[in-house]
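*Asks:* what's the 3D shape of this:
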Amino acid sequence: MATGIARLLLNTATLACSLLLSGCSGLFFYPDRVVYLTPDRLNLSYRDVYLETGDGETLHGWWLPAATDTSLGTVYFLHGNAQNISSHILNVAWLPEAGYNVFLIDYRGYGQSTGDPDLAGALHDAETGLRWLTQNQRSAPLVLLGQSLGGAIGIALASEWSARGEQPPLDAVILDASFTGFRAIAREKLGEFWLTWPLQVPLSWTIPADYEGIDHIAGIAPTPVMIIHSRRDGIIPFHHGPQLYDAAGEPKQFLATDTPHAATFVVPEYRQAVTDFLASQPLQASRHQP
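*Replies:* Got it, this is the predicted structure:
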């Protein structure tokens, strides 16, 4: 019995030390390099894209052209925290048929991208992908779609993009199943498990406070924002969606859904709500450089 308790305490201490040393990165990043699905198996045209980051990593992405004669715009997709783009592609595979180009990348350490994942690196990678997109594929409107972790990264990226007056500007931001902040969700998740409950405050403080979405989402304005959250989300509790919506600037829209976490686009009704939102946002051509 004493040996079992000692082992349990040792494992808990090891977990705590690991989280402290990694800045709680283990709570956010669960990458793998398995190829689950490729676009051609979904009858989608695509090409591989490889990007070099400023700190020497190579990122892999897929460019999916619209399957219609005329493109309605381009969607830049930032995926959630597990696996890689080959497991998340179904979330955007419907967009080419709806008339949108799609660009999706893997953060460092995911799929074919090199390196090891961490928060600062993922934020840098998301901006690297957006810069490539704006320099190489200028089909407007330009939409950022972030899901779960990708939504939190997307808030930081979109607010900085707007604050710096980057060109071209984003025409819309869609956040699906995201959370109010990295510290906030880390504290919640650590508080759910009795072994880590006493550590929720000290461990959450190892996460930089610079990227809490609820503090930055207002900075995306005047770019329109659509926030989507499911009342049945078992991973990111529903309250995160309304809190982000309340903090966002106008124009904004909230869509309450009824699916498991990050399963929004399985439902045609929710796909239609997104395309209706995009169609209702006039392209401010004067904000785009020729």
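*Asks:* Mind jotting down where the strands sit in the protein?
*Replies:* Ranges of strands within the chain are 30-31, 47-52, 58-64, 73-78, 82-83, 100-105, 142-147, 172-176, 225-230, 252-257, based on DSSP state E.
*Asks:* So for residue 131, which of those sits nearest?
*Replies:* With C-beta to C-beta as the criterion, residue 131 lies closest to strand 47-52 of those, at 8.7 Å. C-beta: built from backbone N, CA, C; applies to glycine.
*Asks:* which helices and strands does the closest one pack with?
*Replies:* strand 58-64, strand 100-105, helix 119-136 (3 or more C-beta pairs under 8 Å, 6 or more residues apart in numbering; DSSP states H and E).
*Asks:* change it to 7 Å
*Replies:* strand 58-64, helix 119-136 (3 or more C-beta pairs under 7 Å, 6 or more residues apart in numbering; DSSP states H and E).
*Asks:* Give me the buried positions along the longest one.
*Replies:* To tie it back to what came earlier, the one meant is helix 119-136. Neighbour counts over helix 119-136 (16 or more other C-beta atoms under 10 Å) mark 119, 121-130, 132-134 as buried.
*Asks:* And for stretch 137-156?
*Replies:* Buried-residue list, stretch 137-156, by 16+ other C-beta under 10 Å: 137, 140-156.
*Asks:* try stretch 155-164
*Replies:* Neighbour-count burial for stretch 155-164 [16+ other C-beta under 10 Å]: 155, 156, 157, 158, 159, 160, 161, 162.
*Asks:* what bits of the stretch 101-250 of the chain have low per-residue confidence?
*Replies:* 138, 189-208 (pLDDT under 70).
*Asks:* now the helices for it?
*Replies:* Counting by DSSP state H, counting those that start in this stretch, the stretch 101-250 of the chain has helices at residues 119-136, 149-163, 182-191, 200-204, 213-216, 240-247.
*Asks:* now those helices in TSV, with distance to residue 277?
*Replies:* TSV is the format used below for those (distance: least, C-beta to C-beta, whole Å):
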stretch	distance to residue 277
helix 119-136	20
helix 149-163	15
helix 182-191	25
helix 200-204	33
helix 213-216	19
helix 240-247	13
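*Asks:* Which one, of these, ends up nearest to residue 258?
*Replies:* The nearest among the helices of the stretch 101-250 of the chain, by C-beta to C-beta, is helix 240-247 at 12.6 Å.
*Asks:* Show me what that closest one is packed against.
*Replies:* helix 213-216, strand 225-230, strand 252-257.
*Asks:* Tell me the gap between it and the middle of its chain.
*Replies:* With C-alpha atoms, centre = their mean, to the nearest Å as the basis, helix 240-247 stands 16 Å off its chain's centre.
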